[in-house]
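S.K.: Show me how the following folds:
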Amino acid sequence: MSWVFDEQAGRVTPERLDALDSAFDQAHEAKRLLDRPASAHLQLPYPALEHLVGGIAPGDVWFVAAFSGNGKTALLMSLVLRLLQLGRTVFYMGLESRPHILRTHLACLRLGYDVGEILSGASKSWTSWDSIRNELVADLDQ
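M.R.: Purely as a prediction, here's the structure:
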């Protein structure tokens, strides 16, 4: 956007007016958000994390980034589970894991099974595998 004064016309260019309108709108919205009640924010169910980042404001989109294997999915799946237990609606878009893996991860968390053992197939050697599989299938069907 150009911030140039049109000397020939002796006035501010339309581009500058658009920029001023946009700046005004942004300032107005920022002031309006200052009056939003704290209850409008999603409070994280982990006190240390809540203290670090605060609540999630309505309409905000958060990204969690780290190297592979550093626990992003584990953190987010445990957060999703806690929020679901609190009766919250959760929209989750994982960019590294396919949806069926995320659903299996969540089912394992809900039922108390190690997701690594389930996804790697190691659990198939367990004597209780058939009943565990049935539990997972029932949870996934839910």
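S.K.: quick one: pLDDT of the residue positioned nearest the centre of the chain?
M.R.: Compute the mean C-alpha point of the chain, and by CA atoms, centre = their mean the closest residue is residue 62, 5.0 Å away. The confidence metric pLDDT takes the value 83 at residue 62.
S.K.: Sketch out the low-pLDDT regions of this protein for me.
M.R.: Residue ranges of the chain with pLDDT under 70: 1-17.
S.K.: show me where it has strands.
M.R.: Along the chain, counting by DSSP state E, strands occupy 5-6, 11-12.
S.K.: Check the protein for its longest helix and report it.
M.R.: In the chain, assigned by DSSP state H, the helix with the most residues is helix 14-34.
S.K.: if we can go back for a sec, what about the nearest residue to the residue nearest to the centre of the chain once chain neighbours are set aside, neighbour count?
M.R.: With CB to CB, 6 or more residues apart in numbering as the criterion, residue 62 has its nearest non-adjacent residue at 6.3 Å, and that residue is residue 56. C-betas here are computed from N, CA, C, even on glycine. Neighbours of residue 56 under the rule other CB atoms under 10 Å: 14.
S.K.: just checking, residue 56 touches residue 45?
M.R.: No. If you go by CB atoms under 8 Å, residue 56 and residue 45 don't touch, sitting 11.7 Å apart.
S.K.: so what's residue 40 up against?
M.R.: The contact partners of residue 40, by CB atoms under 8 Å, 6 or more residues apart in numbering, come to 57, 58.
S.K.: Looks like the residue nearest to the centre of the chain contacts residue 55 (just checking).
M.R.: No. Residue 62 lies out of contact with residue 55 (CB under 8 Å); the separation is 11.1 Å.
S.K.: Straight-line length of stretch 33-41, end to end?
M.R.: 11 Å (CA to CA, to the nearest Å).
S.K.: If anything else comes up later, I'll come back, but that's it for now.
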